[in-house]
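K.L.:
have a look at this prediction, sequence included:
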Amino acid sequence: LAQGSISVNPVASPVAMSDQRTGYIGGSSGLWAGLGMFTTSSTFFAVWTWSRRKEWVDIMLDYCHHKRAQYPTHTLDRVAVRALRMLKI
């Protein structure tokens, strides 16, 4: 090589580097790893919640009742409660 000339290494070219990073033709392995993690965690969550469905229903009902009871009632609700008390229903 002459002094001052730049040598180009074909292995270090951007095209060759991109082939080395993916490891195989067909896409990024990170995509498949992410999909695998999502599928696995979703399956475990579904199995865990399905076997304890009664607990989740009770928790959700308690949560909804707590949220509903946390705020003051609507005027029409108060009127209906008073009417039902008067009718002894």
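P.N.:
Perfect, I can see it now.
K.L.:
burial of F44, as a residue count?
P.N.:
When neighbours are counted by other C-beta atoms under 10 Å, F44 registers 10. C-beta coordinates here come from the backbone N, C-alpha and C atoms, glycine included.
K.L.:
packing partners of the helix or strand hosting it?
P.N.:
Taking DSSP states H and E as the definition, F44 sits inside helix 29-51. Contact partners of helix 29-51 among helices and strands, from 3 or more C-beta pairs under 8 Å, 6 or more residues apart in numbering; DSSP states H and E: none.
K.L.:
list the buried residues in that helix.
P.N.:
If you call a residue buried by 16 or more other C-beta atoms under 10 Å, then helix 29-51 has no buried ones at all.
K.L.:
would you tell me what the next helix or strand after it is?
P.N.:
Using DSSP H and E, the helix or strand that directly follows helix 29-51 along the chain is helix 53-70.
K.L.:
contacts made by that next one with the rest, please.
P.N.:
Helix 53-70 is contacted by residues T49 when judged by C-beta atoms under 8 Å, 6 or more residues apart in numbering.
K.L.:
adjust the sequence numbering to begin at 399 for everything that follows.
P.N.:
All set: I'll call the first residue 399, so the last point we hit is now helix 451-468.
K.L.:
what's the first helix or strand after that helix?
P.N.:
helix 473-485.
K.L.:
quick one: buried residues of that next one?
P.N.:
Buried residues in helix 473-485 (16+ other C-beta under 10 Å): none.
K.L.:
residues making contact with that helix?
P.N.:
For helix 473-485, the surrounding residues in contact (C-beta under 8 Å, 6+ apart) are T471.
K.L.:
let me know the average pLDDT across that helix.
P.N.:
Helix 473-485 comes out with an average pLDDT of 87.
K.L.:
got it, and stretch 457-464?
P.N.:
Rounded mean pLDDT across stretch 457-464 is 86.
K.L.:
send me that stretch as PDB with only the CA atoms.
P.N.:
What follows is stretch 457-464, C-alpha atoms only, in PDB (Å, rounded to 0.1, in the frame of the first residue of the first chain):
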ATOM      1  CA  ILE A 457     -62.100  -8.300  44.500                       C
ATOM      2  CA  MET A 458     -63.700  -6.500  41.500                       C
ATOM      3  CA  LEU A 459     -67.100  -6.300  43.200                       C
ATOM      4  CA  ASP A 460     -65.500  -4.900  46.400                       C
ATOM      5  CA  TYR A 461     -63.500  -2.400  44.400                       C
ATOM      6  CA  CYS A 462     -66.600  -1.200  42.400                       C
ATOM      7  CA  HIS A 463     -68.600  -0.900  45.600                       C
ATOM      8  CA  HIS A 464     -65.900   1.000  47.300                       C
END
